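> A predicted structure for the sequence below; I have some questions about it.
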Amino acid sequence: MQQENQKQYLWWQDGIIYQVYPRSFQDSNGDGVGDLRGVIQRLDYLKNLGVKAIWLSPIYPSPMADFGYDISDYEGIWPTFGTMADFDELLAKLHAAEMKLILDLVPNHSSDEHPWFRESRSSRDNPKRDWYIWKDARPDGGLPNNWLSVFGGPAWEWDEQTRQYYYHAFLVKQPDLNWRNPAVERAMLDVMKFWLDKGVDGFRVDAMWHMIKDEQWRDNPHNPDYKEWMSTYEQLLPVYSTDQPEMHGIVIKMRKLLDEYDERLMIAEIYLPVHRLVAYYGTHDKEAHLPFNFMLISLPWDSRLIAASIDEYEGALVADDWPNWVVGNHDQPRITSRIGMGQAKVAAMLLLTLRGTPTLYYGDEIGMRDVPIPADEVQDPQGLNMPEKNLSRDPERTPMQWDASTNAGFTAGEPWLRLDRTFRRRNAAIQATTEYSHLCLYQKLIRLRRQESSLMTGAYRPVYSDNQQLAYIREATGQPAFLIVLNLSHRPCYFTPSTIRFTGVIVVDTLPEQEQVSVKDTIGLFGDEGMIVELDDWQPVSANPTTHELSAMP
Ligand code: GLC
């Protein structure tokens, strides 16, 4: 522990990351779509919130088939978002405010309108043919294998001109690059270098687990757990199309490039079970700094499951692996819509008190909800391609609700996606003046976390969990320790741990009336209540051995 305290932490270890979805954050010119100058206008808000870095979803030129995740020029700015001068200004202003900028890097695929793909598809002997994945039809004319696109339908598209199929893990308009071709690797490392030389502080690497595919192109097996309501992609287990062992060699090279610069960060988007996920930290050589941990998104909101999974994750990390946590992003239903308004506050407390870097999704700090989008207004391709499955991501991408003025202060024009109609009473300006708001809770949690090294970087010690609650201690030597008790249910629960005795004071509570109340050994919690107790004193006491342990005794 002594060593822990003396250790210097890097900005991405003790700071908080905030995801900006640029289309929906702030429009500065009335065209209804957010932009870079809009982000510049809101820097004070972000600074006051206390976040260290912003991650911008893609801002590059794009036909916008997948809202920027289909890139047609990796080294430019989409004109609707602004100019390179706007970008430089944003970066300079962030740095002047001692904040950092993380860009989205999308190396798995480009747009079909990228010049690389245009060349590649022009003829079979074009030098860029092998930059993408081209395969002959099977002898019977069928698809090269059974792989499916994440966004519905097969992952192969027939190109009539050159009479071959190309592979697309996502949309037809997002052909996958061939990462077995060293020229592709060099080109993408050059893209990274371009932005690193400009001074960006890191990348969030999109779809990393998709980048290399099985060399033999074997069929994926059927998923025995598939249910009708699931995405069609989930009919198969993507064991040959994702998470291939060769991926690690590529991540090592990306990391080596980053390490030529000072303190740059690589976050990796990877949806995999814990033990597959942690492999992306690197085993012999360093890989990603933060393979995104989506556990709190993927798991049912069940205290025992979550408690066990936090321990599983903590247990899987080796000394230098830095944990991280996420409860929302632009691809997932918002936390409020998944677990309810009351529990979303408990989730905020969990996110901001666990050990490791939290990433916040814009609007979650004011409790924004998924907005139902009428069928004729759906824009997300995932929603359009599988209309009967309620998989559209538009609901979690609606414009930020800044204030009670027209269009919530997001735009002077017509917003690209409809707003939550309740924005006049649910917005950042109103919440800043209400002690009981989501925003106020986030502010308190962030402030406390930044003041207390136990919460920012201290050790995690599980204390108790049952079918309603979850409790743990965060502690750093020589610093006040904190006990976090969270009721993940709507009914009252009673925290009466048999393993510790403690006295302390509640310093942050989802019910502000409880703050400054002293507590000792047991606590009764309201439904949907979470609290952080600053401990004056605590000791472990030996627990009664369980029946299992008793029967194992001699
Ligand atoms: C990632 C992005 C998602 C995008 C997909 C294809 O999962 O987060 O928004 O649609 O990759 O690029």
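Arrived safely, thanks for sending.
> Report the separation between residue 120 and residue 194.
21 Å (C-beta to C-beta, to the nearest Å). For glycine as for every other residue, the C-beta is placed from the backbone atoms N, C-alpha and C.
> Mind checking which of those two has more residues around it?
residue 120 (27 against 12; other C-beta atoms under 10 Å).
> so who does the more buried one touch?
By C-beta atoms under 8 Å, 6 or more residues apart in numbering, residue 120 lies in contact with 126, 128-132, 134, 175.
> pLDDT at the residue nearest to residue 329 when sequence neighbours are not counted, what is it?
Sequence neighbours aside, residue 361 is the residue nearest to residue 329 in space, at 5.3 Å (criterion: C-beta to C-beta, 6 or more residues apart in numbering). Looking at residue 361, its pLDDT stands at 99.
> Give me the distance from stretch 203-212 to the chain's centre.
Computed by C-alpha atoms, centre = their mean, to the nearest Å, the chain-centroid distance of stretch 203-212 equals 13 Å.
> actually stretch 256-264, sorry about that
22 Å.
> In three-state terms, how would the residue in the stretch 51-200 of the chain positioned nearest to the ligand be classified?
The ligand sits closest to residue 69 of the stretch 51-200 of the chain, with a gap of 3.3 Å, by C-beta to the nearest ligand atom. Using DSSP: H, G, I helix; E, B strand; the rest coil as the criterion, the local structure at residue 69 reads coil.
> Ok, residue 446 next?
What three-state DSSP gives for residue 446 is helix.
> Spatially nearest residue to it (excluding sequence neighbours)?
Using C-beta to C-beta, 6+ apart and skipping the chain neighbours, the partner closest in space to residue 446 is residue 50 (4.1 Å).
> what sits against that neighbour?
Applying C-beta under 8 Å, 6+ apart, the residues contacting residue 50 are 16, 443, 446-447, 450.
> Return the distance of residue 466 relative to residue 496.
Separation of residue 466 from residue 496 (C-beta to C-beta): 10 Å.
> Between those two, which has more neighbouring residues?
Each of residue 466 and residue 496 has its neighbours counted (other C-beta under 10 Å); residue 466 has more, 15 against 10.
> Would you agree the more buried one is in contact with residue 306?
No - using C-beta atoms under 8 Å, residue 466 is not in contact with residue 306; the gap is 11.9 Å.
> Now do stretch 174-192, average pLDDT.
98.
> any weak-confidence spans in the stretch 401-550 of the chain?
Within the stretch 401-550 of the chain, the stretches with pLDDT under 70 are 543-550.
> for the stretch 1-150 of the chain, which spans come out with low pLDDT?
Applying pLDDT under 70 to the stretch 1-150 of the chain flags residues 1-6.
> can you give me the helices in it?
Under the criterion DSSP state H, counting those that start in this stretch, the stretch 1-150 of the chain contains helices at 2-6, 11-14, 22-25, 36-41, 43-49, 84-96, 115-122.
> Measure how far the third one is from the centre of its chain, please.
I take that to be helix 22-25. Here helix 22-25 shows a centroid-to-chain-centroid distance of 16 Å under the convention C-alpha atoms, centre = their mean.
> before we move on, what about the fifth one?
Computed by C-alpha atoms, centre = their mean, the separation of helix 43-49 from the middle of its chain amounts to 20 Å.
> residues making contact with it?
18, 54, 93-94, 97, 99, 365, 428, 442-443, 446.
> Okay, buried residues for it please.
43, 46, 49 (16 or more other C-beta atoms under 10 Å).
> again, but for stretch 440-448
Within stretch 440-448, the residues that count as buried by 16+ other C-beta under 10 Å are 440-446, 448.
> isn't residue 493 right next to residue 470, touching?
No - with contact defined as C-beta under 8 Å, residue 493 and residue 470 do not form a contacting pair (10.2 Å).
> So for these two, which sits in the more crowded spot?
Using other C-beta under 10 Å, the more surrounded residue of residue 493 and residue 470 is residue 470, with 24 against 21.
> Torsion angles phi and psi at the closest residue to the ligand within the stretch 401-550 of the chain?
Of all residues in the stretch 401-550 of the chain, residue 417 sits closest to the ligand, at 14.7 Å by C-beta to the nearest ligand atom. Phi and psi for residue 417, reported as degrees, to the nearest 10, are phi -140, psi 140.
> Could you measure from it over to residue 337?
In terms of C-beta to C-beta, residue 417 sits 15 Å off from residue 337.
> what do you get for residue 536?
For residue 536, the distance to residue 337 - C-beta to C-beta - is 39 Å.
> neighbour count winner among these two?
residue 337 (18 against 13).
> For this structure, which residues are neighbours of the ligand?
Neighbours of the ligand within the chain, by C-beta under 6 Å from any ligand atom: 66, 69, 106, 170, 206-207, 269, 330-331.
> Go through those and give me the one with the most neighbours.
residue 106 (29 neighbours).
> tell me the mean pLDDT for the helix or strand where residue 257 lies?
Assigned by DSSP states H and E, residue 257 falls within helix 247-259. Taken as a whole, helix 247-259 has an average pLDDT of 98.
> next one: it to chain centre, how far?
For helix 247-259, the distance to the chain centre is 21 Å (C-alpha atoms, centre = their mean).
> now stretch 503-520
31 Å.
> Just the endpoints, please. Distance across it?
End-to-end distance for stretch 503-520, by C-alpha to C-alpha, to the nearest Å: 4 Å.
> ok, residues contacting it?
If you take C-beta under 8 Å, 6+ apart as the criterion, stretch 503-520 is touched by 342, 345-346, 349, 435-436, 440-441, 444-445, 448, 482-483, 502, 521, 526, 528-538.
> The helix holding residue 257: which residues count as buried?
Buried residues in helix 247-259, counted by 16+ other C-beta under 10 Å: 247-248, 250-251, 253-255, 257-258.
> Closest one of those residues to the ligand?
residue 247 (15.6 Å).
> hang on, isn't residue 305 packed against residue 299?
Yes - using C-beta under 8 Å, residue 305 makes contact with residue 299 at a distance of 5.4 Å.
> Which residue is the nearest non-sequential neighbour of residue 404?
Nearest to residue 404 is residue 424, by C-beta to C-beta, 6+ apart, at 4.4 Å.
> quick one: the one you found from residue 403, how far?
The span separating residue 424 from residue 403 equals 9 Å under the rule C-beta to C-beta.
> Next: residue 395.
22 Å.
> contacting residues around the residue nearest to residue 73 when sequence neighbours are not counted?
In space, and not counting its chain neighbours, residue 73 is closest to residue 61: 4.2 Å by C-beta to C-beta, 6+ apart. Counting by C-beta under 8 Å, 6+ apart, residue 61 makes contact with 71-73, 76-79.
> Now list the buried members of those.
Among the contacts of residue 61, those buried by neighbour count (16+ other C-beta under 10 Å) are 71-73, 77-78.
> Compile these into a markdown table and extend it with columns for distance to residue 512.
Formatted as a markdown table, these follow (distance: C-beta to C-beta, whole Å):
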| residue | distance to residue 512 |
| --- | --- |
| 71 | 45 |
| 72 | 49 |
| 73 | 49 |
| 77 | 43 |
| 78 | 43 |
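> who's in contact with the spatially closest residue to residue 118 that is not a sequence neighbour?
Nearest residue to residue 118, sequence neighbours excluded (C-beta to C-beta, 6+ apart): residue 112, at 7.9 Å. Applying C-beta under 8 Å, 6+ apart, we find residue 112 in contact with 70, 118, 121, 172-175.
> Would you format those residues as TSV with neighbour count and distance to residue 186 included?
Output for the contacts of residue 112, formatted as TSV (neighbours: other C-beta atoms under 10 Å; distance: C-beta to C-beta, whole Å):
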residue	neighbour count	distance to residue 186
70	25	22
118	14	20
121	20	21
172	17	27
173	21	25
174	26	21
175	29	19
